[in-house]
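Colleague: Provided below for reference: sequence and predicted model.
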Amino acid sequence: MTTNRIASFFAAVATFFTLVATSLTPAPAEAANPNANAPFFFPADLQCRKPLRPLFFQESTAKSKPPVLIVGGTMSAELIYIFLETRLLADNYNVYFYELHKGGMIDMNENAKGLATCADAVLKDAGASKLSLIGHSQGGVVARAFIRDQPGKVDTMVSLAAPHLGTSPTNPLVGLLAAIASLTPEGAQQAQVLKSQMAPNSTFLNSINKNWPAKDPVHYVNIISTNDEWIVPYKNGLMPESMCDEVDAHGQAIACNVTLQTECPNRILTDHVLLASDVAVYTGIKAGLEHQQVKAAIKPMCLAI
């Protein structure tokens, strides 16, 4: 099965489950006032939730680790992230999931506000002062908009296949999503806003690609794939190095940008969607959450299945 066929299959499954889930999600006004007595496992705001965990996974008691909030991508249901969630749970992380409102087919600033509400709920539930974010695709740039608007709440920001520098407006896949959203007048207007925000050098992208003050240090990890069919060209998934490269406690440089196929040329099937499920990528995610060298963690896993 080719990469494009695999990606198309996952995208189709994700779209179906997202449409079902979205119909159960309350409007933003309702989501802003969840029932205070509702358990976090099944909160009033279904966009912000704990994942279903297998019986053999107990609730994490690792208070030394910041809770991890996964921010899904455009039209991406939680099903896409089941492997990522399971691996994090196995490594004793407190895991939460935020699903973009209306499948992400709205102004990204609005989803950043929704993420802020979710992040506050996560911090309260986990009894933590900071959390770590893993943002996939649009979820990566929405997460950075949240950091822009709500400084001081994030320890580590891991982005996977996120269009930090935008994607070509002529990308047929972007056009397809816009066409689906444009089936209603309101959807057409929102899709146009989103498309303009995703364009290279847009006002929105320029607002998150600034070097934020050191008083709000965030550890950044950004992993991309050369086979990304959604971000065109794929190098537009890179973050500005001036704002994310670091030096560790031993004086060693830590590069935030990691291109999977540069470290593992054999992982030719890992594209935009599958990046979130790749086991080699997960070793890099885990290293990033622990503020360790990501490239060094990925290389030994290049042949892993």
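Modeller: Thanks, I have the structure now.
Colleague: For stretch 175-191, what is the distance to the chain centroid?
Modeller: Averaging C-alpha positions (CA atoms, centre = their mean, to the nearest Å) puts stretch 175-191 22 Å from its chain's average.
Colleague: Show me where this structure has its strands.
Modeller: Counting by DSSP state E, the chain has strands at residues 48-49, 68-71, 95-98, 131-136, 154-160, 219-224, 246-247, 253-254, 257-259.
Colleague: So which of those has the densest surroundings on average?
Modeller: Ranked by mean neighbour count, the strands of the chain are led by strand 68-71 with a mean of 28 (mean count of other CB atoms under 10 Å). Bear in mind the C-beta positions are built from the backbone N, C-alpha and C, glycine included.
Colleague: That one pairs with which strands, and in what direction?
Modeller: Its sheet considered, strand 68-71 pairs with strand 95-98 (parallel), strand 131-136 (parallel) by DSSP bridges.
Colleague: Columns mean pLDDT and distance to residue 152 on top of these, output as CSV?
Modeller: Below are these laid out as CSV (pLDDT from 0 to 100; distance: least, CB to CB, whole Å):
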stretch, mean pLDDT, distance to residue 152
strand 95-98, 96, 19
strand 131-136, 99, 11
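Colleague: Show me what the residue nearest the centre of the chain bridges to in the sheet.
Modeller: Nearest to the mean C-alpha position of the chain, by CA atoms, centre = their mean, lies residue 135 at 1.3 Å. Beta bridges link residue 135 to residue 71, residue 159, judged by DSSP bridges.
Colleague: That one touches residue 161, doesn't it?
Modeller: No: look at residue 135 against residue 161 with CB atoms under 8 Å: they stay out of range, at 9.5 Å.
Colleague: quick one on the thing from earlier: with distance to residue 182 as new columns, can the strands paired with strand 68-71 be given to me in a markdown table?
Modeller: What follows is those, written out as a markdown table (distance: least, CB to CB, whole Å):
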| stretch | distance to residue 182 |
| --- | --- |
| strand 95-98 | 25 |
| strand 131-136 | 24 |
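Colleague: Go through these and name the closest to residue 177.
Modeller: strand 131-136 (15.4 Å; CB to CB).
Colleague: which residues make contact with the closest one from outside it?
Modeller: 66-73, 76, 80-81, 84, 119, 122-123, 141-144, 146-147, 153-162, 275-276, 285, 289 (CB atoms under 8 Å, 6 or more residues apart in numbering).
Colleague: Residue ranges in the chain under the pLDDT threshold?
Modeller: 1-45, 53-63, 211-215 (pLDDT under 70).
Colleague: try 90 this time
Modeller: Within the chain, the stretches with pLDDT under 90 are 1-47, 50-64, 77, 102, 169-192, 195, 210-217, 240-254, 305.
Colleague: Run through the residues that contact residue 144.
Modeller: Contacts of residue 144 (CB under 8 Å, 6+ apart): 135, 157, 159, 162, 164, 208.
Colleague: got the residue ranges for the helices in the stretch 51-200 of the chain?
Modeller: 82-90, 108-126, 138-149, 172-181, 185-198 (DSSP state H, counting those that start in this stretch).
Colleague: for the fourth one, the distance to its chain's centre please.
Modeller: When you say that, I think you mean helix 172-181. Per CA atoms, centre = their mean, the centroid offset for helix 172-181 relative to its chain is 20 Å.
Colleague: helices and strands around it, which ones?
Modeller: In this structure, helix 172-181 packs against helix 185-198, with contacts taken as 3 or more CB pairs under 8 Å, 6 or more residues apart in numbering; DSSP states H and E.
Colleague: Could you list the buried residues of the helix it packs on?
Modeller: Neighbour-count burial for helix 185-198, with 16 or more other CB atoms under 10 Å as criterion, is recorded at 187, 190, 191, 193, 194, 195, 197, 198.
Colleague: Alright, I will stop here.
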